[in-house]
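Asks: With the sequence up front, the predicted model follows.
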There are 2 protein chains.
Amino acid sequence: MTWEEIAADKKARITASIPPEWRISSIPKTSNVMDYPKASGILSTEELAITESSATDLVAELAMGKLTSVAVTTAFLKRAALAHQLLNCALEFFPEIALARARELDAHYEKTGKTVGPLHGLPISLKDQCHIKGLETCMGYVSWVGKYATEDSVIVTLLYKAGAVFYVKTSVPQTLMICETINNVIGRTVNPRNKNLSPGGSSGGEGAIVGFRGGVIGFGTDLGGSIRVPAAFNFLYGLRPSHGRLPYAKMANSMEGQESVPSVCGPLTHSIKDMRLFVKSVLAEEPWKYDSKVIPIPWRQSEENAVKLKLSSGRLTLAYYNSNSIVLPHPPILRGVETVATTLKEAGHDVVEWVPYKPAYAHALVSRVYGSDEATDLITTLKESGEPLIPNLSNDQWPKKLDINELWDVHFQKYAFQLEYLEQIRLAEEKLGKEIDAIITPVAATAAVRHDQFKYYAYTNIVNLLDFTSVVVPVTFADKNIDKKQEDYTPLNDYDKMVYDEYDADAYHGAPVAIQVIGKRLTEEKTMAIAEEIGRLLGN
Amino acid sequence: MTWEEIAADKKARITASIPPEWRISSIPKTSNVMDYPKASGILSTEELAITESSATDLVAELAMGKLTSVAVTTAFLKRAALAHQLLNCALEFFPEIALARARELDAHYEKTGKTVGPLHGLPISLKDQCHIKGLETCMGYVSWVGKYATEDSVIVTLLYKAGAVFYVKTSVPQTLMICETINNVIGRTVNPRNKNLSPGGSSGGEGAIVGFRGGVIGFGTDLGGSIRVPAAFNFLYGLRPSHGRLPYAKMANSMEGQESVPSVCGPLTHSIKDMRLFVKSVLAEEPWKYDSKVIPIPWRQSEENAVKLKLSSGRLTLAYYNSNSIVLPHPPILRGVETVATTLKEAGHDVVEWVPYKPAYAHALVSRVYGSDEATDLITTLKESGEPLIPNLSNDQWPKKLDINELWDVHFQKYAFQLEYLEQIRLAEEKLGKEIDAIITPVAATAAVRHDQFKYYAYTNIVNLLDFTSVVVPVTFADKNIDKKQEDYTPLNDYDKMVYDEYDADAYHGAPVAIQVIGKRLTEEKTMAIAEEIGRLLGN
């Protein structure tokens, strides 16, 4: 078979996995499809309510026997089926397996009166890097279509132990190396709020499906922004934990073995409450016993409590910047950051400006890591099927392969940069006479971006270089009446010009706008608690 | 200058740093020099008592004002001066700087009645990878002689904040890559219990000086056994923490930037009590604020308490092996491991056999990392001065340089091996129905080894590959009357034959014998507590 035939067959199999009664007879013409589930008539009123609940409420009701897993799973299956038909977001959809699992959990509950774990009966969507034994993991590569997993990824094992139900694996960009979602297997995934916009990437299938509430908790990965950008572009919360907090073992990946700046995994959710449910549930399974890279730090309630104490009896100290002085974010993003800073100040918190530290240097350094093998791994995988590179990538963009001693030099520079960054924080804290609790920054230069226009990764990948913790908080939506293009803006450089020129108030109208709350390394509990407070103040 | 002249000058400068009144007029002819300090007449009775105290007692007396830092520092300076003259263990000796610091601390105490920190006034010896601003760090390389540090290593900064006094930096083997201590700058460091034996390496200067009580707490590094072997060969406790527990930042190293199997740092001490003092003192300074690779885990008293609870109301479950089935340890080591196993069983603990998992594969894998740049880094540094390789290393031993994609494959294999090892532990634990608290194994195939005979690193470097925590516990001494050579032993392979043939009961008589207690990753508090109990049961 040609690669086109392989892809077409795979695509047809995904479509065929959707039962006829969940098929959409005529795809709506509107670019915003958020209201379609209600209009479709496919979901019952109860199913609509289930899919619009929080995961926290759902597991509580499942644990009390007020809902069955079959009911919950069916609701999300239906909505996910709509999501795929509207947004093209699934690489695997397996309602029968999901329902069999749900029935098994319901039977267990009926028999014992007990749940199997804190996620009992809850459907969770997975980025298609996760292996589920017996299912395909093509990860957007044509050559991997037909590769059936022989064992589960560790996160799958642990979520399963915690009681989760799996029902869908979602799409990714070819190579995983861009912040949109397009591949030669199923094509492009689009944003449920505006099909002309991207859901982000590389966990873009997760962003789209959870944004559309075809899932309540999604699970993605982040090497340079791949959890945060889809969270931001779909008005979701997203956690990019520090490396070693959540288990990545036995997941598929590109550039496998690249440890210089490691990819990490984490959830995309509608609330911090649900994010916390996910993280606590996984940590309760002691992932460090299964994954050697997971650090044995259980959930630290004390770290969350320390934030609560500050909120009740003091104030937070937050630094922020709205531009890294290389590429100016679009007007909606600038407004988003300023909104958060103002809201925090008005609530009595100390908000201080942060001067981005060597952003151009950091961007060049982390990019050198991403390109360190001259894309040998990526190109080799493409050659196996003959599929071309997606247009968002180009063969000329890769720098020369690093020699191993050059790689070590890069590691040395990375370590030195991290040390300098810590020093910057210490110096700022000494000056303030107190700890900086987090740094608030844009997630990207744009709101949910127009297709094929995501160009600038430095707002997210600085976090990967530092291995800090970052939590995305949804803020607002681009508004053509407020977020005017500054026609006389003088770009700082060619890159800045390219990004700024692309802004169009009409095209971006309604696109989600988010910020990220960046905490120091391995401060997930604390950073999530701060993100929760910001969300509360914003009313999101 | 030729490299020989540079080395001779450096050696002379070290000798000249010893005040005339601390010079030994005639070096004793005995191979065991442990009793020399008493016989020398250079240390007063009080100074002998100080140097034979524990660090824990010393800091307590310093904090109560019963001892001054000048008195304590002087005592260790004198004994270190003897150590260097007898054992050739120092690369930097700086009594004036040390005494100035001691005076400053005493003045602070006198003025405020308070200590500056938990190590107030205590001398600590440092491996010559540590930078102290203004002093040389030659690290055993001739080409680095004359390189004066422009800033302190992070561990130096933090120990200094905790109140420590620095007075000596100790010798290492050229390249740091062997478990003996010999370089072209000052030559060979020898074992205080028998000058015909090695003090181990690469932290061999630390092993020798602390073993001789020219220091009470030493600080070394471990990439493949370099803390544990010197601890074992000098009848000391040694901690090889998991990576990221203690700060390595801004220390000199060879193969800088090699992160595939990272070197770690830790203390060598006479007791677990002193080891704990060191670790707690460093963690109290929040090293993660200074070193991006340090994980923010403060001292976890609860982990230590959990062991104590098991000891008071239950039992430990310990696995062990005395041979990895590739190279049989010498008779004293086999007896050492069996002694520990028997002692533990007699004390009521569960002791089960552990089958080493793929030891040959693991050894080959970690060795591939050590040689991944074909020694380019090491050879380049040697070429700068023209000094030759030490005879323990050979130019033919390096495998071909890895391409970056080959390195990633090695990383993938490493990760897979770590996951399999965790699975082995889980399976064994399921079978036992309880947790395995630690695994007890030899540290090396030999007791403190004869010079130039250290050949087999697999008993230690498996821990580096897994990044587990390991604590060395001194057990006994080789005894020619018990540890007979098994003349009819049929070696398992050529390597085994080479190591076994080298055993000579007379030559090894009196050589220290130790075991290591291996805990899972980042279990320092727990593993130290188990090591303490083993030491207590052994009476060491």
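Replies: Good, I have the coordinates.
Asks: For the residue in the stretch 201-350 of chain A positioned nearest to chain B, list the residues it contacts.
Replies: Nearest residue of the stretch 201-350 of chain A to chain B: A:Gly257, at 3.0 Å (Cβ to the nearest Cβ). C-beta: built from backbone N, CA, C; applies to glycine. A:Gly257 makes contact with B:407-412, B:415, according to Cβ atoms under 8 Å, 6 or more residues apart in numbering or on different chains.
Asks: Now the buried members of those.
Replies: Among the contacts of A:Gly257, those buried by neighbour count (16 or more other Cβ atoms under 10 Å in any protein chain shown) are B:407-408, B:410-411, B:415.
Asks: Hmm, A:Val279 is touching A:Leu239, no?
Replies: Yes: with contact defined as Cβ atoms under 8 Å, A:Val279 reaches A:Leu239; the gap is 7.0 Å.
Asks: what touches both of those two?
Replies: Counting by Cβ under 8 Å, 6+ apart, the residues touching both A:Val279 and A:Leu239 are A:266-267, A:524, A:528.
Asks: picking up where we left off before, work out for me the element the residue of the stretch 201-350 of chain A closest to chain B sits within.
Replies: Assigned by DSSP states H and E, A:Gly257 belongs to no helix or strand.
Asks: Apart from its neighbours in sequence, what residue is nearest it?
Replies: Excluding its sequence neighbours, the residue lying closest to A:Gly257 (Cβ to Cβ, 6 or more residues apart in numbering or on different chains) is B:Trp408, at 3.0 Å.
Asks: Please name every helix or strand in contact with whichever strand or helix holds that neighbour.
Replies: Element membership for B:Trp408, per DSSP H and E: helix B:404-432. Secondary-structure packing of helix B:404-432 (3 or more Cβ pairs under 8 Å, 6 or more residues apart in numbering or on different chains; DSSP states H and E): helix A:376-383, helix A:404-432, strand B:350-353, helix B:359-370, helix B:458-466.
Asks: Which pair of the contacts of A:Gly257 spans the longest distance?
Replies: The span of the contacts of A:Gly257, defined through Cβ to Cβ, is set by B:Leu407 and B:Tyr415 at 12.8 Å.
Asks: Domains in chain A, by residue range?
Replies: A:3-20+A:39-289, A:301-538 (automatic domain parsing).
Asks: Nearest to B:Thr476, out of those domains?
Replies: Closest of the domains of chain A to B:Thr476 is domain A:3-20+A:39-289, at 34.3 Å (criterion: Cβ to Cβ).
Asks: before we move on, the earlier item: which of the helices and strands packed on helix B:404-432 has the highest mean neighbour count?
Replies: Among those, ranked by average contacts under mean count of other Cβ atoms under 10 Å in any protein chain shown, first place goes to helix B:458-466 (a mean of 25).
Asks: residues in contact with that helix?
Replies: Around helix B:458-466, the neighbours that count as contacts under Cβ under 8 Å, 6+ apart are A:292, B:179, B:222-225, B:228-229, B:240, B:261, B:264, B:324, B:326-327, B:329, B:356, B:359, B:362-363, B:365-367, B:414, B:417-418, B:421, B:441-445, B:470, B:516, B:518, B:521.
Asks: now that helix: mean pLDDT?
Replies: On average, the pLDDT along helix B:458-466 is 98.
Asks: Relative to the whole chain's centre, how far out is that helix?
Replies: 14 Å (Cα atoms, centre = their mean, to the nearest Å).
Asks: swap in stretch A:85-96?
Replies: 18 Å.
Asks: and what of stretch A:201-218?
Replies: 8 Å.
Asks: Can you get me the start-to-end distance on that stretch?
Replies: By Cα to Cα, to the nearest Å, the extent of stretch A:201-218 from end to end equals 13 Å.
Asks: ok so, going back, generate a ChimeraX selection restricted to the buried entries among the contacts of helix B:458-466.
Replies: In ChimeraX, a selection of the buried entries from the contacts of helix B:458-466 looks like this (16+ other Cβ under 10 Å):
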select /A:292 /B:179,222,223,224,225,228,229,240,261,264,324,326,327,329,356,359,362,363,365,366,367,414,417,418,421,441,442,443,444,445,470,516,518,521
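Asks: Among the contacts of helix B:458-466, name the ones in strands.
Replies: The members of those that map onto strands under DSSP state E are B:222, B:240, B:264, B:441-442, B:470, B:516, B:518.
Asks: closest to A:Tyr141 among those residues?
Replies: Nearest to A:Tyr141 among the ones in strands among the contacts of helix B:458-466 is B:Val264, at 37.3 Å by Cβ to Cβ.
Asks: So that closest one is in contact with B:Leu239, correct?
Replies: No: judged on Cβ under 8 Å, B:Val264 makes no contact with B:Leu239 at a distance of 9.4 Å.
Asks: Would you format the domains of chain A as TSV with distance to B:Ser125 included?
Replies: Output for the domains of chain A, formatted as TSV (distance: least, Cβ to Cβ, whole Å):
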stretch	distance to B:Ser125
domain A:3-20+A:39-289	32
domain A:301-538	25
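Asks: now, of the ones you listed, which is deepest in the fold?
Replies: Highest mean neighbour count among the domains of chain A (mean count of other Cβ under 10 Å): domain A:3-20+A:39-289, a mean of 23.
Asks: quick one: that domain to chain centroid distance?
Replies: On Cα atoms, centre = their mean, the centre of domain A:3-20+A:39-289 falls 11 Å from the chain's centre.
Asks: What segments of the stretch 51-200 of chain A are helices?
Replies: Ranges of helices within the stretch 51-200 of chain A are A:55-64, A:69-87, A:95-112, A:154-161, based on DSSP state H, counting those that start in this stretch.
Asks: Export these to a markdown table and append columns for mean pLDDT.
Replies: Output for these, formatted as a markdown table (pLDDT from 0 to 100):
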| stretch | mean pLDDT |
| --- | --- |
| helix A:55-64 | 98 |
| helix A:69-87 | 98 |
| helix A:95-112 | 98 |
| helix A:154-161 | 98 |
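Asks: For chain B, which of those helices is the nearest?
Replies: helix A:154-161 (8.0 Å).
Asks: The closest one - contacts with which helices or strands?
Replies: If you count contacts as 3+ Cβ pairs under 8 Å, 6+ apart, helix A:154-161 packs onto strand A:123-127, strand A:165-170, helix A:272-284.
Asks: Identify the residues contacting A:Gln453.
Replies: With Cβ under 8 Å, 6+ apart, A:Gln453 has these contacts: A:198, A:446, A:502.
Asks: Tell me if I'm right that the first one and A:Val190 touch.
Replies: Yes: shown here, A:Ser198 and A:Val190 form a contact pair, counting by Cβ under 8 Å, at 7.2 Å.
Asks: and the ones in strands among the contacts of helix B:458-466, which two are the farthest apart?
Replies: Maximum pairwise distance in those, criterion Cβ to Cβ, is 20.0 Å, between B:Val264 and B:Pro442.
Asks: how far away is A:Arg315 from A:Thr380?
Replies: For A:Arg315, the distance to A:Thr380 (Cβ to Cβ, to the nearest Å) stands at 53 Å.
Asks: Actually, A:His330.
Replies: For A:His330, the distance to A:Thr380 - Cβ to Cβ - is 37 Å.
Asks: Also A:Ile439?
Replies: Counting by Cβ to Cβ, the gap from A:Ile439 to A:Thr380 is 38 Å.
Asks: now do A:Ser44
Replies: 48 Å.
Asks: I figured A:Gly200 hits A:Cys179, correct?
Replies: Yes: counting by Cβ under 8 Å, A:Gly200 touches A:Cys179, with 5.6 Å between them.
Asks: Show me the common contact partners of these two, please.
Replies: A:229-230, A:449, A:454.
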